[in-house]
Every structure is written in C-alpha cells, then in structure tokens.
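Colleague: 3D, please:
(4 chains)
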There are 2 protein chains.
Amino acid sequence: MLIGDVAKQSGLTVDTLRFYEKIGLIAPPMRNDGGRRVYGEDVLGWIKFLEQLNATGMKQADRIHYAALRQQGDATLSERREMLELHRETIKEQLALMQDTLALMDRKVAAYQEMEAKAKGH
Amino acid sequence: MLIGDVAKQSGLTVDTLRFYEKIGLIAPPMRNDGGRRVYGEDVLGWIKFLEQLNATGMKQADRIHYAALRQQGDATLSERREMLELHRETIKEQLALMQDTLALMDRKVAAYQEMEAKAKGH
DNA sequence: GCTTGAGCTGGAGTGCACTCCAGCTTGTAG
DNA sequence: CTACAAGCTGGAGTGCACTCCAGCTCAAGC
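Modeller: Now for the predicted structure:
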C-alpha cells in the first residue's frame, strides 16, 4: 500500500499521514526501491483507533505518548492500560455532559415550539 | 456585577469575556459612570449554555450566529429552534461514538490485563 | 522517450480560539 | 492623599493541528 491508498482508505490526506509520521503518531513505514512509503494493512486499524481517541477528546500529546509506548512493545502494556483507563473515565464524563445537553436541547426545542405556536395564535 | 465577578462565577477569564463580547457571543453590557462593564445576573446562565454548546462540539461561528439570533428577539425563534434541532442530531451521533469508544476501551483494558497476567505467569 | 500523476523533503502558511501586553483610567482602603 | 487592585482599549502573540507549497524524483501508459 502506498500513501495515496492509505489516504483513500483512511479518509486522512497524504499530508496528514506524513505529518502524523513526523510527530510520531504513525511508525515510519518501510520504503520501496524508489524511496516511497509502503504501508502494511494494519496501519488502517491503527489510524481508525487514533481517530476514535481523537474524536473522544484525547489530546495530540497523549496520543503521541500512547503511540510511542505501543512502538516499544509489551513492556509498556500496563502503562497503556492505565492511559486507556484514564481516558475511559473522561469519556464517561463527556457522555454524561452529552446526555445532559441532549436533554437540554429537547427542553429548549419544545419550549420554542410552544412559543412559536402561541405567537401564531394571535 | 463587574467583569471580574462574572469571571469568578463563570470560570472564564476577563480576557475571554471581553473577547466573547468582541466576537458577538455576549451582548455588550451597560457601563457605569467610570466606563466599566456592568453585567446582569442572566449573563451567567447564558455563558453556561454557551459552554455546553461548546463542550458538545458546536463551532464558534455557529455559536456566534445563535447569539446574534437571540439578540434579535422572538422573530428568530424558529431559526434558533432549527439550529438546536440540528445540534441535537450531532450530539446523538457523538453519543453513539462515545459509547462505541467506551466499549472499545473496556475491551482493550480487559485484553491488556489478561496479557499482563500471562506475562506474570512465566 | 515523453508526458502525466503520484510521491518525496523541508519549510512556510492557515484557522481557530483564545491569551497576553502596554499604557492608560478608575475606585477603594489605610 | 496615596498606593494599588481592577478595569479599559487596541493590537500583538500563542498553541494546536493541520495544510499548502516549491522544487525535486519516480513510475506507468502511449
């Protein structure tokens, strides 16, 4: 897989892929004879996971730290587990906030509808 | 209420409050004889609501648009309702993603624990 | 063998959302 | 009456996470 294929399949741009490599989010892949990046299939799963951490609010610096640990292999398992456990808690907090806000949206929408109906009544 | 009190009670900084005023998120408050901003209590509720929109991923530009509509009064009720309904849908999507990712964290943490236990076994 | 598209590097530029600063005025406490 | 904390304005600076660019090489089709 060349970088363009990864871009297409992951939804990231080639610039972003190279940028992620530069900052250590993605391990530098092998190169072919022409010096081009050749990725294994597994990078797609990793990118998807990164996106999930991203979308649930994990900071770049933490994702980079996690990526570095992952590259170091099994010796870092417990630290990675701790990071995920911490992140799990922040997700739970965000979930609660989302649910609160969703309920608030419902109340506000209902209130607005009522006010609109009354305004029409006149 | 002077700006410092609002800062303390809202958790925003005075700089952020003036910045929010500049970009139209907060209506310019009255001034006292010395030219200082005097806020009503209601600004606190409004800021809390803004923070909630913020924390659930609404973009600055949209919050500004909503704030502008709010300032225009009842004539904009239906447009505001539409915005909130749209935002409600994006919150729902984010909720689903959060729940997925939470489940993923659980699975990963469990897998890591198992691997750590096995490593210890040897 | 030449065109055209994809990839390469190093570095500059962008957009967002603040955050800080200089130099000034105002208000309160001793 | 004098510190000194808090507020004011306009504008510059920051940090994050990309995004784009110039100038080059490489690969595939006609």
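
Colleague: counting neighbours, what do you get for A:K118?
Modeller: Using other Cβ atoms under 10 Å in any protein chain shown, A:K118 has 9 neighbouring residues. (Each C-beta comes from the backbone N, C-alpha and C, glycine too.)

Colleague: sticking with it, tell me its helix or strand.
Modeller: helix A:77-121 (DSSP states H and E).

Colleague: same check, this time on A:Y66
Modeller: helix A:60-71.

Colleague: restrict that helix to CA atoms and write it as PDB.
Modeller: Written as PDB, here are the backbone C-alpha positions of helix A:60-71 (Å, rounded to 0.1, in the frame of the first residue of the first chain):
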ATOM      1  CA  GLN A  60      -2.500  15.000  20.400                       C
ATOM      2  CA  ALA A  61       0.300  14.900  23.000                       C
ATOM      3  CA  ASP A  62      -1.300  12.000  24.700                       C
ATOM      4  CA  ARG A  63      -2.000  10.100  21.500                       C
ATOM      5  CA  ILE A  64       1.700  10.600  20.600                       C
ATOM      6  CA  HIS A  65       2.700   9.300  24.000                       C
ATOM      7  CA  TYR A  66       0.400   6.200  23.600                       C
ATOM      8  CA  ALA A  67       1.800   5.600  20.100                       C
ATOM      9  CA  ALA A  68       5.400   5.800  21.400                       C
ATOM     10  CA  LEU A  69       4.500   3.200  24.100                       C
ATOM     11  CA  ARG A  70       2.900   1.000  21.600                       C
ATOM     12  CA  GLN A  71       6.100   1.000  19.500                       C
END
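
Colleague: quick one: name the residues of chain A near DNA strand C.
Modeller: Residues of chain A found near DNA strand C (Cβ under 7 Å from any atom of the strand) are A:2-5, A:7, A:14, A:18, A:31, A:35-37.

Colleague: from those residues, which is closest to chain B?
Modeller: A:A7 (22.0 Å; Cβ to the nearest Cβ).

Colleague: list the contacts of the nearest residue in space to that closest one that is not next to it in sequence.
Modeller: Of all residues not flanking A:A7 in the chain, A:V14 sits nearest, at 4.7 Å (Cβ to Cβ, 6 or more residues apart in numbering or on different chains). Going by Cβ atoms under 8 Å, 6 or more residues apart in numbering or on different chains, A:V14 touches A:3-4, A:7.
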